[in-house]
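In: Below is the sequence, then the predicted model.
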Amino acid sequence: MFAHRDRQFYLSGEIFTQSAAIRNFSIPGILAYYPACGQTCGMTTYPVGKAAKLAGIGPTTARDYLRAYPEHFSEGATPPSGSRRVLTWQDIETLATIKQLRQQGNKDESIRASLATGERESIQPHAEDTDATGQTTALVAQLSAAAARWEASAGTIAEERDYLRQQLATAQSDILAAEIARQAAETELKILREVTEQNNAQGEKLGWWDRFLGRGG
């Protein structure tokens with residue numbers, strides 16, 4: 001979770017301060033973050049208390065509006081039970097719109113119809129909110145680049161692994177061929193030794209017979 005003052009982003013279930021986000025982020029967490037961030041991906045988000053203040057209402061009223069008109073808010077503003085609620089700037093403008101419509105005496109059906117047509121109160125962010133949005137965008141861009149570098153290095157490592165596997169398979173094949181050749185050479189050498197021994201034995205026998213017959217020199 002990235003924290004920019006009171007606005008926060010989720011990342012792999014961990015909390016990171018703005019100054020430490022670059023140093024301590026987890027690449028697998030970044031990769032898991034992007035497909036899961038839904039409508040709030042890359043946006044500055046606000047806790048209910050801050051969002052309510054910006055919309056000009058109290059936190060309790062903001063929660064009432066979120067429960068009454070959930071279809072007109074982001075996924076982060078209407079999370080499953082037990083999950084932390086965070087609102088986007090568009091959510092804040094929707095809260096302000098509901099407040100204005102109620103002050104004008106509109107009922108729920110009329111308010112829903114107005115929201116469905118896209119009617120929204122325009123709220124200008126404070127200077128600090130604009131600055132934080134820029135910081136958040138820059139941080140997300142830096143982490144996105146880091147994730148891309150990690151993916152590229154992972155691809156290189158995979159290629160090197162496959163190359164080494166091929167080299168290992170080739171070496172194993174060469175070792176097997178050398179072993180077969182060694183066994184064949186040993187067999188041939190054994191045969192040659194046997195033939196040589198037989199020839200030597202036969203020569204010795206002929207020499208004795210020749211001497212017996214007086215054929216020697």
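Out: Noted; the coordinates are in hand.

In: which residues of this structure fall in strands?
Out: 2-4, 7-9, 16-17, 46-47, 86-87 (DSSP state E).

In: Give me the residue ranges of the protein where confidence is low.
Out: Within the chain, the stretches falling below the threshold (pLDDT under 70) are 1-43, 125-138, 203-217.

In: what number of residues lie near residue 162?
Out: Close neighbours of residue 162, defined as other Cβ atoms under 10 Å, add up to 10. For glycine as for every other residue, the C-beta is placed from the backbone atoms N, C-alpha and C.

In: which ones are touching residue 112?
Out: Residues in contact with residue 112, defined by Cβ atoms under 8 Å, 6 or more residues apart in numbering, are 69, 72.

In: likewise the one 3 residues further on?
Out: For residue 115, the contacting residues are 69, 72, 94, 97-98, taking Cβ under 8 Å, 6+ apart as the criterion.

In: So which of those wins on neighbours?
Out: residue 98 (28 neighbours).

In: Would you confirm that it contacts residue 108?
Out: No: in this structure residue 98 lies outside contact range of residue 108 using Cβ atoms under 8 Å: 9.8 Å.

In: related to what we said a few turns ago, can I get the contacts of residue 115 in a markdown table including distance to residue 200?
Out: Converted to a markdown table, the contacts of residue 115 look like this (distance: Cβ to Cβ, whole Å):
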| residue | distance to residue 200 |
| --- | --- |
| 69 | 109 |
| 72 | 107 |
| 94 | 108 |
| 97 | 113 |
| 98 | 113 |
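
In: Which one of these is nearest to residue 146?
Out: For residue 146, the nearest member of the contacts of residue 115 is residue 94. The distance, counting by Cβ to Cβ, is 33.6 Å.

In: Is the closest one in contact with residue 70, as I believe?
Out: No: in this structure, residue 94 is not within contact of residue 70 by Cβ under 8 Å, at 10.8 Å.

In: about what we covered before: quick check: the two most widely separated of the contacts of residue 115?
Out: Farthest-apart pair in the contacts of residue 115 is 69 and 97; separation 9.8 Å (Cβ to Cβ).

In: Tell me how many other residues crowd residue 148.
Out: Under the neighbour criterion other Cβ under 10 Å, residue 148 is assigned a count of 11.

In: cool, and residue 92?
Out: 26.

In: and it, what does it touch?
Out: Shown in contact with residue 92 (Cβ under 8 Å, 6+ apart): 46, 51, 54-55, 123.

In: Reformat those residues as CSV; add neighbour count and distance to residue 185.
Out: CSV is the format used below for these (neighbours: other Cβ atoms under 10 Å; distance: Cβ to Cβ, whole Å):
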residue, neighbour count, distance to residue 185
46, 27, 81
51, 26, 84
54, 20, 88
55, 25, 90
123, 16, 89
